[in-house]
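> from the sequence below, what's the structure:
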Amino acid sequence: MRVESIVIVGGGSSGWMTAAMLSKTFPKMQIGLIEGAEGPIGVGESTLGHFNRFLRRLGLKDKDWMPACNATYKTSIAFKNFRDGKGERFQYPFGEFDLFDYKDSLMRYFELQCEYGMEKYPPEQFANFANNQTYLADRCKISADAIPDCIYSMDKDTAYHFDAGLFGNFLRDTICIPNGVLHLKGTIEKVMKNPDGSIDSLVTDQDGLIKADLYVDCTGFKSLLLEQHMGSEFISFKDKLFNDTALATQIPYSDRENQMETYTDCVAMDAGWVWNIPLWNRVGTGYVYASDYINECEAEVEFREYLSERYTPEIAKDAKLRKIDIKHGKRDKAWVKNVVGIGLSYAFLEPLESTGLMTTHENVLLLCDTLEKRQGFYARMEQDAFNYSCDNMIEAMKCFVALHYALSQRDDNQYWRDCTNINFDIDPAWRHSTRVAHGNTVVMLEGMENAFNNLEQHSGSIYIAAGQGYRPFSEGMYHEKKSTTPQLDEWEDDIHDIHTKYQQDRQTMIDWVDQLPSHYEYLRDNIYDLQEEETVG
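Alright, predicted model coming up:
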């Protein structure tokens, strides 16, 4: 089939991201977007490093769009109370591992743990050893220049926090409409089908009959076209992802200098976790919880207690909470006949690893690449390949997110005990996911040492496993290997030398990072051009 016209059903960030990339890639194609009266769900305000590829394809620089979207930078994801529930926090920094000289292997950190003890080398410091960008996240600093002894580029190793609704509006007004995308408003009243089951046309309450070669479903959880009319079956992820509800709110800044962090802060709770996303104008926060373990009233009490402790009792009391039902799962196929599901209409996990917008822009790029290869023509083979890639990615990310809970050491209530009893063995997706980002969980659990030695495929899971206190070998194994080494003196000298050099390098990095501008200062001076703005409020 050859595609010369496309209609996108649904606006919000997903719809306008799709329209922007399609209109950029296919300037001669007829593209329309039908937007209903209801607003977007609004849970996705955080991205991963993959988002930079989407921005580059659109030709957007940071200063082009960030001020319009209240955007800030993101260099890491932090996890607090996930391991023991006792205030510990570990980072999952972006960028590549920094292995050089004495840091020739990540195994060195665990050797240091065995030799010098967990107090000197706790699990939460593993990321600092593996990636010097962690120091920026720890101190909420930003560097546009190279980081010492670090494979770092600001253009590819930072992501963003932003208002997803404003981002959709920005794309609509600056890219989509200027590129000729037809903006239609109204409600789909009827879906007309061809004899083969494909969609012939749509009937709306405002514009009547609308016809296209390809229809893109961006209608969110209801999946109006893909699931309801094309019959792509919904498959729940309830067996591995328990959290199905969120209470969300917005918090005003009282001290932006210190509250504007450079990471998404995830704090584990009794039956889920709280996100903290610092935008330029406010902090977005919410409690993602499992309704099977805690009811809405109990969750609200726990969340307000958290807000009171983190901010003030007045803020906690006055916060207006919005309940969001999370439908985590996927449709059996993302592309059925002439309908493609993008965003929530195809699949959604939970927001722990900022995967909501990631599945949107990655699948949009995949759709554009698929259609562009043969100038808009596609056959069944391309559809099957698209579906395989989408399914492979969402299954891999599902396992990766579940790993955060499965490796926890918490057993303080039934929720966390059940989380650590998640069954991974029977999932066939694990067998074909190791070549996809984060799709390395099964390899880790079958042979963790192998994962730590094959770094290219295992970066994300390694940070999570190490931060949760998992070690690829025990102290007994370490000391046995050490005692049977013929050159014992050389071994001891080597590990002592590594310890000394690392402690020196650690202090050097701390001193270097302390000289950098804060996250707020960098944004103020380089993105928002508000050098005289006060730091309070």
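
> check what pLDDT Gly39 gets.
If you check Gly39, the pLDDT there is 58.

> what of Asn453?
Note for Asn453: predicted pLDDT of 56.

> for this structure, spot the helix or strand the model is least confident about on average.
helix 441-446 (a mean of 43; mean pLDDT, DSSP states H and E).

> from Ile326, how far off is the residue most central in space within the chain?
By C-alpha atoms, centre = their mean, the mean C-alpha position of the chain lies nearest to Ser354, the distance being 2.3 Å. From Ser354 over to Ile326 the distance is 14 Å, taken as C-beta to C-beta, to the nearest Å. C-beta: built from backbone N, CA, C; applies to glycine.

> repeat for Glu124
Where Ile326 is concerned, Glu124 sits at a distance of 28 Å (C-beta to C-beta).

> contacts only, for the residue nearest to the centre of the chain.
Going by C-beta atoms under 8 Å, 6 or more residues apart in numbering, Ser354 touches Gly44, Ser46, Thr47, Leu48, Ile77, Ala159, Thr264.

> where are the low-confidence patches of the protein?
38-44, 425-458, 531-537 (pLDDT under 70).

> would you map out the domains in it?
Domains of the chain are assigned by automatic domain parsing as 5-72+161-238+328-397, 96-157+440-514, 245-325.

> for these, which one sits closest to Leu407?
domain 96-157+440-514 (4.1 Å; C-beta to C-beta).

> for the closest one, the distance to its chain's centre please.
Domain 96-157+440-514 sits 23 Å away from the centroid of its parent chain (C-alpha atoms, centre = their mean, to the nearest Å).

> and that domain, how far apart are its ends?
22 Å (C-alpha to C-alpha, to the nearest Å).

> now stretch 325-344
This stretch, stretch 325-344, spans 12 Å end to end (C-alpha to C-alpha).

> does Thr249 sit in a helix, a strand or a coil?
strand (DSSP: H, G, I helix; E, B strand; the rest coil).

> distance of it relative to Tyr346?
Distance, Thr249 to Tyr346, using C-beta to C-beta: 28 Å.

> more neighbours, the two?
Comparing Thr249 with Tyr346 by other C-beta atoms under 10 Å, the one with more neighbours is Tyr346, at 27 against 20.

> ramachandran angles for the more buried one?
Here is the backbone geometry of Tyr346 (degrees, to the nearest 10): phi -100, psi -50.

> what's near enough to touch it?
Asp217, Ser223, Leu226, Lys330, Arg331, Ala334, Thr359, Asn363, Cys390, Ile394.

> which ones are touching Glu382?
Glu382 neighbours (C-beta under 8 Å, 6+ apart): Thr370, Lys373, Arg374.

> okay, and the spatially closest residue to the last one that is not a sequence neighbour sits in which element?
Distances taken as C-beta to C-beta, 6 or more residues apart in numbering put Glu382 closest to Arg374, at 7.9 Å, once the chain neighbours are dropped. Secondary structure assigned from DSSP states H and E places Glu382 in helix 380-406.

> chain center to that helix, what's the gap?
Relative to its chain's centre, helix 380-406 lies at 14 Å (C-alpha atoms, centre = their mean).

> next, the buried residues of that helix.
Neighbour-count burial for helix 380-406, counted by 16 or more other C-beta atoms under 10 Å, picks out 382-383, 386-387, 389-406.
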